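**Student:** Output the structure for:
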Amino acid sequence: MKLSSTLIVLFFAQNALSAQDYSDSISVNFFLLDECRISQSVSGEINYVDSVYNTVPFYFKAYFPSELRRDEQIDKFIKAYKLDIDYSADYDRLATNFYGASVAPEVVVYDERNKKILYKGRIDNSYADVGVRRRVTTSRDLRNVLQLILEGKVINDSQTKAIGCYLNH
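**Tutor:** The predicted structure is shown next:
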């Protein structure tokens, strides 16, 4: 059976992933705790993602939502792990509550113009559970999401389970 080229084009046009419209203002919001070992261990991946993707349309920021920590401790964490992104304490938990973060480390990718969470969850799958580090990281979730945004593709897995230290609300 021979299909006409018009039917083939129509078939692929209807079944292909459609291009996604993202704005030119997308925040990448990390929720970290300086004393959390998992937050400490993903700092290298945060640095990598920042070095590759910190350009329009992305804006990177880290929040530290613990009323028990002081600014000096947060500054010490930033320096020790060489994070070169904007950061602030989130003592009043405004950002934590707005983005719905519940674990550190957790990342929320948010389209600021369209007021929509594009991705929420783990940065990568380097931990299978609290205290259980994988020998090999097989999924770089945040990298994948940012690349899909740049390519205008749909994010199919828009939420993953973050593994880390719970943020007590």
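**Student:** Now do the phi/psi pair for residue 89.
**Tutor:** phi -70, psi 150 (degrees, to the nearest 10).
**Student:** cool, residue 23 as well?
**Tutor:** phi -80, psi 180.
**Student:** and it, how many residues sit next to it?
**Tutor:** 13 (other CB atoms under 10 Å). Every C-beta, even on glycine, is put in place using the N, C-alpha and C of the backbone.
**Student:** Over to the one 10 residues further on?
**Tutor:** Residues within reach of residue 33, counting by other CB under 10 Å, total 23.
**Student:** Can you tell me how far it is from residue 105?
**Tutor:** Noted for residue 33: a distance of 8 Å to residue 105, by CB to CB, to the nearest Å.
**Student:** cool, residue 114 as well?
**Tutor:** Residue 114 is 25 Å from residue 105, by CB to CB.
**Student:** between these two, which one's more packed in?
**Tutor:** Taking neighbours as other CB under 10 Å, residue 114 and residue 105 compare with residue 105 leading, 27 against 12.
**Student:** Spatially central residue (nearest the centroid) of this protein, please.
**Tutor:** residue 107 (3.6 Å; CA atoms, centre = their mean).
**Student:** Look up how far residue 71 lies from that one.
**Tutor:** 22 Å.
**Student:** next one: residue 131
**Tutor:** Taking CB to CB as the measure, residue 131 falls 29 Å from residue 71.
**Student:** picking up where we left off before, list the buried residues of whichever helix or strand the residue nearest to the centre of the chain is part of.
**Tutor:** Secondary structure from DSSP states H and E places residue 107 in strand 106-111. In terms of neighbour count (16 or more other CB atoms under 10 Å), strand 106-111 has its buried residues at 106, 107, 108, 109, 110, 111.
**Student:** what about it, distance to the chain center?
**Tutor:** Put simply, strand 106-111 sits 5 Å off its chain's centre (CA atoms, centre = their mean, to the nearest Å).
**Student:** Show me what whatever helix or strand comes next after that strand packs onto, helices and strands only.
**Tutor:** Once strand 106-111 ends, the next helix or strand along the chain (criterion: DSSP H and E) is strand 116-121. Judged by 3 or more CB pairs under 8 Å, 6 or more residues apart in numbering; DSSP states H and E, strand 116-121 is in contact with strand 106-111, helix 141-150.
**Student:** Relative to residue 45, which of the ones you listed is closest?
**Tutor:** helix 141-150 (7.4 Å; CB to CB).
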